[in-house]
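Peer 1: The following block contains a protein sequence and its predicted model.
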Amino acid sequence: MFGLDYSWLSDPVYQDWLLRGTLTTIGLALASSAIAILIGAFGALALSLRIAWLDALIELFVELFRNTPPLLQMLFFYFTLSTIGLRVTDPATGLSVPLLSAFDCALVSLSLFGGALCIEAFRSGLESLPHSVTEAARSLGYSRWARFRRIEMPIASRICLPALTNILTNLFKTTSQASVITVPELMYYAGQIYNDTFRTAEVMLLVLLIYVSLVSLLSWGMSRIEQALAFPGYGKGH
């Protein structure tokens, strides 16, 4: 159809590459998303403590990672971490190799980029809390950590779920840039396949469908979580 030729898909080597690339993409997206959410939650907690030097430090972190391209951050970590002495000796070859692999560098950069965006999302959720809620918790004798863990974060996380969905879906799509630093994810193997087969249009169309399917699945899952955690007055809890 339309002159497209997918006969190369019957080759087990290309099937294996696509499967490996898809699994690496999913693994990188899940790991970086989990770390980004943790960074966001603890960053928002730190901001709520109203400590001037800590606020300045977190604001610097957010501005640095939010206002620079994720690809630049990835290249920075990949090319600089090995040049500042973070290297180990490979016991098998005796050669000096970077301490962090390309996958590790991609994971670090994506986690920090997503974490900077998550801090803003969680902060907006915390600032949306009615003042009476925190006052009631104080009057009941909750400590700062107990208020955050038992009351503020559970409510704030529900409020900021739509923003988190956008951040996580964008983070998932950004994993494709990891191919630039030789992480063997979906786009990396796609490049290998169309270089071998010269079927660029067919390969890109297939990769597009895989990304649409995976990101749609993520969006659907986040929407289900949002519906399950909704409560009256916030988000979908009408």
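Peer 2: That came through, no problem.
Peer 1: Would you map the strands across this structure?
Peer 2: Secondary structure of the chain (DSSP state E): strands located at 87-89, 96-98.
Peer 1: Next one: R138 from A146, what distance?
Peer 2: 11 Å (C-beta to C-beta, to the nearest Å). The C-beta positions use only the backbone N, C-alpha and C, and glycine is treated the same way.
Peer 1: And for A116, the neighbour number?
Peer 2: Other residues lying near A116 total 24 when counted by other C-beta atoms under 10 Å.
Peer 1: show me the contacts for it.
Peer 2: Counting by C-beta atoms under 8 Å, 6 or more residues apart in numbering, A116 touches I39, F61, V62, L64, F65, R66.
Peer 1: Check G233 and give its pLDDT.
Peer 2: Predicted confidence (pLDDT) for G233: 63.
Peer 1: typed the wrong thing, it's H238
Peer 2: For H238, the predicted pLDDT is 54.
Peer 1: same question, R149
Peer 2: As predicted, R149 sits at a pLDDT of 84.
Peer 1: what's the answer for the one 3 residues further on, then?
Peer 2: As summarised for this prediction, E152 has a pLDDT of 85.
Peer 1: which phi and psi does L95 have?
Peer 2: Dihedral angles phi and psi of L95 (degrees, to the nearest 10) take the values phi -90, psi 150.
Peer 1: my guess is it meets V88, correct?
Peer 2: No: if you go by C-beta atoms under 8 Å, L95 and V88 don't touch, sitting 10.0 Å apart.
Peer 1: ok, back up a step: reformat the strands of the chain as a markdown table; add distance to L217.
Peer 2: A markdown table is the format used below for these (distance: least, C-beta to C-beta, whole Å):
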| stretch | distance to L217 |
| --- | --- |
| strand 87-89 | 38 |
| strand 96-98 | 34 |
